[in-house]
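Asks: here is a sequence with its predicted model. Questions after.
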Amino acid sequence: MRFERRANVPWALAVSAPFAAVGAALALSAALIIAAGVNPLWAYLEMLRGALGSRLAVTEMLTRAVPLILTGLAAAVAFRARFWNIGGEGQFYIGALAVAWVGHDLISGLPSAIGIAVLLVVGMAAGALLLSGPAYLRLRYGVDEVVTTLLMNFVVILFVGLMIEGPLRDPLAFGWPQSVPVDGTYRLPDLIPKTRLHIGLLIAVAVAGVVWLIFARTVFGTEARAAGFNARAAEFAGVSLPRTVIGVALLSGGLAGLAGTIEVMGVTGGVTTTMSPGFGYAGIVVAMLAALHPAGVVAAAVFVATIFVGADAMSRATGVPSFIADVIVALALLTMLAALFFSSYRIRR
Amino acid sequence: MSTVLHLDRITKRFGGLTANDDVTLELKNGEILALLGENGAGKTTLMNILFGHYAADEGTVNVFGQTLPPGRPRSAIQAGVGMVHQHFTLAGNLSVLDNVMLGSEPLIRVRSRRDEGRIRLLALSEKFGLKTDPDARVSGLSVGERQRVEILKALYRGARILILDEPTAVLTRTEAERLFDILRSMTRQGLSIIFISHKLSEVMAASDRIAILRGGRKVAERANSDTSPEELAELMVGSRVTRPKREAHSIGAPLLAAEEVTVHLDGKPALNNVSFTAHAGEILGIVGVSGNGQVALGALLSGVAAPATGRLTLEGREIGGLGPRAFIAAGVGRIPEDRHAEGVVGELPVWENVVLEQLATPEFSTRGFVRRSAARSHAADLIKLFDVRGATPEMRISLLSGGNMQKLILGRALAAAPKVIIANQPTRGLDEGAIAAVHAKLLAAREAGAATILITEDLEEAVDLSDRLQAIVGGRLSRPVAVEESDSRRLGLMMAGVWEN
């Protein structure tokens, strides 16, 4: 048996690869569910019902998908240019914290729409600023951004802990470690009344469109793709690699920061150190499942949100621990990597 | 003589492309068969089928009377076929002995039989005159020595039929001659050899029989004694190709000049106090064996590297170190040395590649958005103008053959009618037809008044195209000589570093 590189990956194959990957991940996870003494078909059915079985369930799932779309875009943007931003989690939290701080009482008195716009920009700027550090270290000293961005996650979460126990502590939270909330005027309006689903969903989808536009249609995006595929050739053709890395880092960090911002403004109001069930890391899975394509990111985020939200319901119904969601998502990343390999090669006897 | 290898009616298709079309080939015991053809004629594909890297769509491979299962290199090895690839497959951090034994032992064995391996390796090396040190680390070996290790590796696995893919591409002339002596002596010991080449001279010098492939078909087979280089060239190309001639004309004002420039690469001086002047309408040839500072010179002249000391000026204005964008804007068209590594982004389509240099100009973008239709039609124009065969603006550029890719790069560099052209090894690895096309374009640019700096290791090319020549040796440049005043002896001395300052 041999692998031959395909000259061109057929369109149908490229689209079906993530589905095959997801199927394989579910099949592999079934072994664990069986080990827990439960029929996997039943478990998956409960999972689907929990995520999609009612109007409320769907809105909950979509609410969960919003930050995943944004952290997924953050990872996709960076990976396209071969800048390995693993720090989405940290950028998420710093965006959340910045907005809680600025949005609580620093900008009170602004009209609602303007205040919201200001806060979205503040959150993006915070995330972008956080990632500009690792980008600078990479450009100036060649420090591997995988290490710096990953380790920054822990630093940021400890910093958030420090802030919400100290200067930004919410005095009305009865000792609960939570930051002051964003001013009610600046909370994101509901998309569907009486659910938690807010207009952040529309923002996230629109942002995916903008990211697609940037990469497919602009000079910057074309140069970033060229630099990602072949940095030497791009440099020879006059693409400034430092400019590209900085630009991509600001965009990526900004998107992850925006994810935290929108989560605070749309769902939690204030910041806690447990508000993210790993949105930053799951964004990496989302980006890979989407093969780094912005439209795919939206679909992949919905899938991952379905698993996360459905797992809780499944756990209540079947007794299988909801940690199975993490297993499925992690396996989906691995099977997707395999699927990408198999779709760009063909097997020969 | 008995037949040891029989390829019977092999056909292999890649998508719409037929790489081998009904090819039948026989190898007799103890002979050297040359497989001659241009790049893309299907030579390597055919040998990869023989060795089992690819499975043929039709046809069979028969070795020593037994039919090989398709697509199984292991069966080919067991049947006694050994292959030496153009790009070596050695582990640089291991010793020669480790490399030779690697993969020929079972995965799990308590004790590696290194001592026996060493004895066998030395016996083989003695028998065939392939000198080697079993304990030397491969990364420290020269290219010629590595090739010997590759051959020993094949022999160690019991090869009685040896396939060499473009074995001389990486060798100097003396190394190549030595290799042919070794091959000759191997056939006397009962081995049979196929070597792949597109160089007529070495095919004539080293083979008993010659099979010529063109466009995937075997077009002819000749005994060495019954043919001539002229006939082979015609068979290989299909029609006679003549390289264009340089016409004498007067040269113009100085355009690009270097004054005592030193360039550092990786912290070490790679170019030392070099000076040259290229005039309008002139081709200035920089000749030398590769590895003598051409990389640094290419980097300097394409704007990637900055001079550490000295001045590089274009029409009197300092330009050294301003970066590729500034060079392009100033009218410097650049053809990089390595088209795959520096010339193109393989994953991107043709049209994005050809406009990448000028993406930020008003011609191809407005307010940061790419003008896609302008870029696509520009790409379509270049494809037509530079006769890039089989290309469309939308296809991934990596799907093009080397020659067609080079024509596109040439098109990208020359389309804007540059004042200065930097052509770094512009015809390396190209076939006769593509070489003639590249030469014609460079000469046309010279006619139009461009100043061209041609960096090449091909002496024939340098003499054919250049008005003046400078030799590059150890990072230094000789004084220029007019091509009319140079003869092969003088050039040979120059390239060896003997010149009077």
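Replies: Received the coordinates, thanks.

Asks: how close does the residue nearest to residue A:272 when sequence neighbours are not counted sit to residue A:115?
Replies: The shortest distance from residue A:272 to any non-neighbouring residue, by Cβ to Cβ, 6 or more residues apart in numbering or on different chains, is to residue A:178 (5.1 Å). Heads up, the C-betas are built off the backbone N, CA and C, glycines and all. Distance, residue A:178 to residue A:115, using Cβ to Cβ, to the nearest Å: 21 Å.

Asks: close to chain A: what parts of chain B are there?
Replies: B:14-15, B:53-55, B:70-71, B:302-304, B:323-325, B:327-328, B:334, B:336, B:341-348, B:352, B:356-357, B:359-360, B:365, B:368-370, B:372, B:396, B:399 (Cβ under 8 Å from any Cβ of the partner chain).

Asks: next, the buried residues of the helix or strand bottoming out on mean pLDDT in chain B.
Replies: Ranked by mean pLDDT, DSSP states H and E, the weakest helix or strand in chain B is helix B:488-495, scoring a mean of 76. For helix B:488-495, the neighbour count (16 or more other Cβ atoms under 10 Å in any protein chain shown) marks B:491, B:494-495 as buried.

Asks: now do stretch B:297-313
Replies: B:297-305, B:307, B:310, B:312-313.

Asks: so where is the stretch 1-150 of chain A shaky, pLDDT-wise?
Replies: Applying pLDDT under 70 to the stretch 1-150 of chain A flags the ranges A:1-8.

Asks: 50 - rerun?
Replies: Applying pLDDT under 50 to the stretch 1-150 of chain A picks out no residues at all.

Asks: can you give me the strands in it?
Replies: Ranges of strands in the stretch 1-150 of chain A, per DSSP state E, counting those that start in this stretch, are A:2-5.

Asks: about what we covered before: list just the nearest of the buried residues of helix B:488-495 to chain A.
Replies: Chain A lies nearest to residue B:495 out of the buried residues of helix B:488-495, by Cβ to the nearest Cβ, at 27.3 Å.

Asks: for the residue nearest to that closest one when sequence neighbours are not counted, give me the pLDDT.
Replies: Spatially, and ignoring its direct neighbours in sequence, residue B:495 is nearest to residue B:471 (5.0 Å; Cβ to Cβ, 6+ apart). According to the prediction, residue B:471 has pLDDT 91.

Asks: residue B:471 - how many residues pack around it?
Replies: A count of nearby residues for residue B:471, using other Cβ atoms under 10 Å in any protein chain shown, gives 28.

Asks: please apply the same query to residue B:451.
Replies: Neighbours of residue B:451 (other Cβ under 10 Å): 29.

Asks: how much space between residue A:250 and chain B?
Replies: For residue A:250, the distance to chain B equals 15 Å [Cβ to the nearest Cβ, to the nearest Å].

Asks: please look at that residue and residue A:128 and confirm they touch.
Replies: Yes - counting by Cβ atoms under 8 Å, residue A:250 touches residue A:128, with 4.3 Å between them.

Asks: more neighbours: those two, which one.
Replies: residue A:128 (24 against 19).

Asks: could you list every residue that touches that one?
Replies: Shown in contact with residue A:128 (Cβ atoms under 8 Å, 6 or more residues apart in numbering or on different chains): A:249-251, A:253-254, A:257.

Asks: after the helix or strand where residue A:282 lies, which helix or strand is next?
Replies: Residue A:282 belongs to helix A:279-289 when assigned by DSSP states H and E. As assigned by DSSP H and E, the chain's next helix or strand after helix A:279-289 is helix A:294-318.

Asks: same for that following helix, what does it pack against?
Replies: helix A:11-35, helix A:40-52, helix A:55-80, helix A:200-217, helix A:279-289, helix A:324-344 (3 or more Cβ pairs under 8 Å, 6 or more residues apart in numbering or on different chains; DSSP states H and E).

Asks: average pLDDT across that helix?
Replies: Computed over helix A:294-318, the average pLDDT equals 92.

Asks: likewise for stretch B:424-435?
Replies: 82.

Asks: who touches it?
Replies: So stretch B:424-435 is contacted by B:38-40, B:169, B:198, B:233, B:236-237, B:241, B:243, B:290, B:294, B:298, B:301-302, B:334-337, B:402-404, B:406-407, B:410, B:438-439, B:442, B:454-458, B:461 (Cβ under 8 Å, 6+ apart).

Asks: and what of stretch B:6-16?
Replies: A:7-8, B:18-27, B:42, B:45-46, B:49-50, B:54, B:56-63.

Asks: which of those count as buried?
Replies: Buried among the contacts of stretch B:6-16 by 16+ other Cβ under 10 Å: B:18-21, B:23, B:25-27, B:42, B:45-46, B:49-50, B:54, B:56, B:59, B:61-63.

Asks: just checking, residue B:220 touches residue B:235?
Replies: Yes - using Cβ under 8 Å, residue B:220 makes contact with residue B:235 at a distance of 4.9 Å.

Asks: mind listing the shared neighbours of those two?
Replies: residue B:212.

Asks: separation between residue A:195 and chain B?
Replies: 38 Å.

Asks: just the ones of the buried residues of stretch B:297-313 in strands?
Replies: B:310, B:312-313 (DSSP state E).
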